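Participant: Below are the sequence and a predicted model; questions follow.
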Amino acid sequence: MPPISVSGMKATAGAGCRTGCSTTAARRSSCSNSSDTRPAPTLPAPGKAREALVDCLPVMRLPLLAAILLLSSLASVHARSAGWEEAIRANQLDTIRSAYRDREDVDEGTEHGKTALMAAAAAGDAGLVDELLAAGADPGATNRLGGTVLMYAIGGGDLDTVRRLLDTGIAVDGQASNGWGAVTMAAAKNEGEMLALLGAAGADPNPADIYGWTPLMRAAYEGHRDSVMALLELPGLDLGRVNNSGQTALHLAVISGSAELVQALLDHGARQTADSNDYTPQSIARELNRDDLLLLLTHADPDL
């Protein structure tokens, strides 16, 4: 077969290219008719390229056709992959739900390592979480910063989703690069029930972040009653832990101004110590002009 010119198909191919070649035999006969002297047609516009190429298969070089079809296939795969990643990135659950069955790797995620299971967990969609787990999604996956699926679920705030993940037996004490883990996230969000679930699953109640803050410190500083009360019920809680500034949860509860939390910590045995700047809970109460807290800390009766 003679080669195809760069500017278009040879003039001898004109009769068979979209000009009446209705069968393969007819195309071969017509496309090899050397008596046809009509000018060579130009290559079709990009939008018509695939249709024209398929219609003129007999006169195309196989490597060129294969390359074009391969590029078309790769473009389609890239488009599907980009759509999948965008759905995960934006928590587009309908797209994820309709597309995951057609994927070889349901854990393929975004450039930051976020997976479809993380997206479903963050949205609190326990049903989709179940579907993805059944399809082989990894409940122990982490993103590029060490964030876990469980942490996404806690961020989503849905108890059923958290239960589903805990039922898989995943590790509960994973920490991201900033030192935050599932317990810290639940404490920071004032999720008392989630803290109870995590405790029942064996979670460490005392993990520290990069600043030395424990979940109890975070909850006390934020004035999160539900979190503090739930943490106080967990076995192994260390009330004497200090952060990088030498502060305990009691220091931070005084700073938050919550008399209820200060009293709760004292009732559970919190001790009054000086931080790195020699501030005690009592001296902080004085600085803040909180006589009510000072009375609690000195075990004074406010009715006297």
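Facilitator: Looks like it arrived, so ask away.
Participant: and E108, how many residues sit next to it?
Facilitator: Applying the criterion other CB atoms under 10 Å, we find 13 residues in the vicinity of E108. (C-beta placed from N, C-alpha, C; glycine too.)
Participant: can you tell me how far it sits from A99?
Facilitator: In this view, E108 and A99 are 11 Å apart by CB to CB, to the nearest Å.
Participant: tell me what the strand or helix carrying A121 is packed against?
Facilitator: Using DSSP states H and E, the element containing A121 is helix 116-122. Helix 116-122 is packed against helix 62-89, helix 93-99, helix 126-134, helix 149-156, helix 159-167, with contacts defined by 3 or more CB pairs under 8 Å, 6 or more residues apart in numbering; DSSP states H and E.
Participant: Let me know the average pLDDT across the last one.
Facilitator: Per-residue pLDDT over helix 159-167 has a mean of 97.
Participant: Also the second one?
Facilitator: Taken as a whole, helix 93-99 has a mean pLDDT of 78.
Participant: again, but for the longest one
Facilitator: Helix 62-89 comes out with an average pLDDT of 54.
Participant: just the third one next, same as before
Facilitator: Helix 126-134 comes out with an average pLDDT of 94.
Participant: For it, list every residue counted as buried.
Facilitator: Using 16 or more other CB atoms under 10 Å as the burial criterion, the residues of helix 126-134 that qualify are A126, L128, V129, E131, L132, L133.
Participant: Low-confidence stretches in the protein?
Facilitator: 1-82, 84, 103-104, 300-304 (pLDDT under 70).
Participant: Backbone dihedrals for the residue nearest the centre of it, please?
Facilitator: Central residue check for the chain by CA atoms, centre = their mean: the C-alpha nearest the mean position is that of K114, 3.5 Å away. Dihedral angles phi and psi of K114 (degrees, to the nearest 10) take the values phi -70, psi 130.
Participant: Quick check: it vs A122, distance?
Facilitator: K114 sits 9 Å away from A122, going by CB to CB.
Participant: quick revisit: so what touches the helix holding A121?
Facilitator: When contacts are taken as CB atoms under 8 Å, 6 or more residues apart in numbering, the neighbours of helix 116-122 outside the stretch itself are 84, 87-88, 91-93, 96, 100, 106-107, 109, 128-129, 132-133, 137-139, 141, 143, 147, 149-150, 152-153, 155-156, 161, 165.
Participant: Right, I'll leave it there.
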